[in-house]
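Chemist: All I have is the shape, not the residue letters:
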């Protein structure tokens, strides 16, 4: 097994700032916008972006939620292991809001497909956008593309992209792991 | 994630501590789901569940059916009163006929103890016991423990008294197993005639004085007097039962601490508990009903994830 650094902490920080600025370009003061981190790993990226918008760009009303998609996945009973659920925390209605899904890696697109179904339980959004840190562009199973992307990665199926966050894994970094 | 150690839920007796923990954690997520504006998830859209009720039931059946529908399973219902059972068909034949219509899971209530275990040995489907005679009623015990955990933080170390008709109660037996597995202390309290002779062998305390029992406990689970199962008189009159084993507001207020009151329903108001107790803040009877749906969703989801395609 070998691993290669795709992004280090400094590069991750620069990209996060760029993504935050791109969001501001499209969403102004965020009054009609809500950010939704996709559980389990999108949560960290969503928290970071929300924190940046609040602290560095002084945007007051950033609404942030976390969505668990376990019960909406299309691979129930297809894998060896049972699917483990995570917490959903959405304390607002998404009716007529612009929703931004936030996830760390966009791979097959199936998680986002599940999230598109799951979010309907909380109302009918005005529109939905997708922000991902890493876009594995040659691996899609579904016609889903990000609106905001941190870095495009050409990885083959045997390889794995691992995003680490300081608050959970000890450092901000992105690795390409090949077996 | 760990998975359940069993392929059927036949009784609490067959579960271990980790199973109960897993069911509770899964139920937490489903409780959040059933409080959403749209209360449904598509997990079980390719699963068909048959609800076989060979004995009357209202809330358990409703609760199971709702849980199944919230998970998007296809549901078929069967009750013995309108079926070929009356024409002399055996249990295995009835169930195999239903299973040949490609049913994946069976939820069964039956008047005979052990009916679920028997069925699990003879048919090829996941079985959930929704009450078998005076034997077990595992989902009720799970939702009772879950409700205690929700109200008091944890079940471990808590003192729970089960009051009333222990002899005819499947709820009592399942509750004793579930509570002990989680490290709670259990006492049973009721008229001597309604307490099984060797129940202390299960490691429970036995008490015939209600005030002593209530003073000891953190939680009192009040069982219904099951007149329909009583072939002889176990106590002189309902009035005398109420005087000795009924909980009223005065009795609760005279205790030196505030205890939690539970009831599996249906309540005989004025017999086991008075209306003001049933409707008081100390009672978590309606929480139990809501938790019942979440617990049953968790059990069905976890068992369904073990059915291979």
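Modeler: Yep, it's here. Model, not experiment: these values are computed from the prediction.
Chemist: confidence score at the residue in the stretch 51-200 of chain B that chain A sits nearest to?
Modeler: Nearest residue of the stretch 51-200 of chain B to chain A: residue B:71, at 7.8 Å (Cβ to the nearest Cβ). For the C-beta atoms, the positions are set from N, CA and C on the backbone; glycine is no exception. In this model, residue B:71 is scored at 96, pLDDT.
Chemist: Helix, strand, or coil at the closest residue to residue A:162 other than its chain neighbours?
Modeler: In space, not counting the residues next to it along the chain, residue A:162 is nearest to residue A:175; the distance is 4.7 Å by Cβ to Cβ, 6 or more residues apart in numbering or on different chains. Three-state call for residue A:175 (DSSP: H, G, I helix; E, B strand; the rest coil): strand.
Chemist: Hmm, residue A:164 and residue A:175 touching each other?
Modeler: Yes - the pair residue A:175 and residue A:164 qualifies as a contact (Cβ atoms under 8 Å) at a distance of 7.3 Å.
Chemist: tally of neighbours for residue B:30?
Modeler: 26 (other Cβ atoms under 10 Å in any protein chain shown).
Chemist: Spell out which residues of the stretch 51-200 of chain B are next to chain A.
Modeler: Neighbours of chain A within the stretch 51-200 of chain B, by Cβ under 8 Å from any Cβ of the partner chain: residue B:71.
Chemist: Quick one: low-confidence residue ranges for the stretch 51-200 of chain B.
Modeler: By pLDDT under 70, the low-scoring segments of the stretch 51-200 of chain B are B:82-86.
Chemist: All the helices of it, in order from the start?
Modeler: B:59-70, B:91-99, B:115-122, B:138-152, B:170-181 (DSSP state H, counting those that start in this stretch).
Chemist: now do chain A
Modeler: A:9-27, A:42-55, A:110-118, A:166-169 (DSSP state H).
Chemist: looking at these, which is closest to chain B?
Modeler: Of all the helices of chain A, helix A:110-118 sits nearest to chain B, with 6.9 Å by Cβ to the nearest Cβ.
Chemist: which parts of the closest one are buried?
Modeler: A:110-116, A:118 (16 or more other Cβ atoms under 10 Å in any protein chain shown).
Chemist: Not including adjacent chain positions, what is the nearest residue to residue B:264?
Modeler: Nearest non-adjacent residue to residue B:264, counting by Cβ to Cβ, 6+ apart: residue B:171, 5.0 Å away.
Chemist: residues touching the one you found, list them.
Modeler: The contact partners of residue B:171, by Cβ atoms under 8 Å, 6 or more residues apart in numbering or on different chains, come to B:137, B:140-141, B:144, B:221, B:223, B:264.
Chemist: Identify the residue nearest the geometric centre of chain A.
Modeler: Nearest to the mean C-alpha position of chain A, by Cα atoms, centre = their mean, lies residue A:103 at 1.1 Å.
Chemist: Let me know how buried the closest residue to that one other than its chain neighbours is, in neighbour terms.
Modeler: Using Cβ to Cβ, 6+ apart and skipping residues adjacent in sequence, the residue nearest residue A:103 is residue A:42, 3.8 Å away. Residue A:42 has 26 neighbours, counted by other Cβ under 10 Å.
Chemist: I figured residue A:42 hits residue A:102, correct?
Modeler: Yes - here residue A:42 reaches residue A:102: they are 5.2 Å apart, a contact under Cβ under 8 Å.
Chemist: follow-up on the earlier one: so what's the residue nearest to residue A:162 scoring on pLDDT?
Modeler: 93.
Chemist: what about residue B:124, distance to residue B:97?
Modeler: 13 Å (Cβ to Cβ, to the nearest Å).
Chemist: Residue A:151 now?
Modeler: Distance from residue A:151 to residue B:97, by Cβ to Cβ: 59 Å.
Chemist: More neighbours: the two, which one.
Modeler: When neighbours are counted by other Cβ under 10 Å, residue A:151 and residue B:97 differ, and residue A:151 comes out ahead with 15 against 11.
Chemist: burial count for residue 133?
Modeler: In the absence of a named chain, chain A is used. Every residue meeting other Cβ under 10 Å relative to residue A:133 is counted, giving 29.
Chemist: Let me rephrase: I mean chain B.
Modeler: 17.
Chemist: Please name the residues that touch it.
Modeler: B:110-115, B:170.
Chemist: which residues does the closest residue in space to residue B:115 that isn't next to it in sequence contact?
Modeler: Counting by Cβ to Cβ, 6+ apart, residue B:115 lies nearest to residue B:132, which is 4.8 Å off, once chain neighbours are set aside. Residues near residue B:132 by Cβ under 8 Å, 6+ apart: B:108-116, B:170.
Chemist: and if we set it to 6 Å?
Modeler: B:110, B:113, B:115-116 (Cβ atoms under 6 Å, 6 or more residues apart in numbering or on different chains).
Chemist: out of these, who's nearest residue B:244?
Modeler: Nearest to residue B:244 out of the contacts of residue B:132 is residue B:113 (Cβ to Cβ; 28.4 Å).
Chemist: For residue B:261, see how far away the closest one is.
Modeler: Look at residue B:113 and residue B:261: by Cβ to Cβ, they are 28 Å apart.
Chemist: higher neighbour count, those two?
Modeler: residue B:261 (22 against 17).
Chemist: and that one, what element?
Modeler: If you go by DSSP states H and E, residue B:261 is part of strand B:260-262.
Chemist: List the beta-bridge partners for the residue nearest to residue A:4 when sequence neighbours are not counted.
Modeler: Spatial nearest neighbour of residue A:4, chain neighbours left out: residue A:176 (4.7 Å); criterion: Cβ to Cβ, 6+ apart. Beta-bridge partners for residue A:176, by DSSP bridges, are residue A:4, residue A:161.
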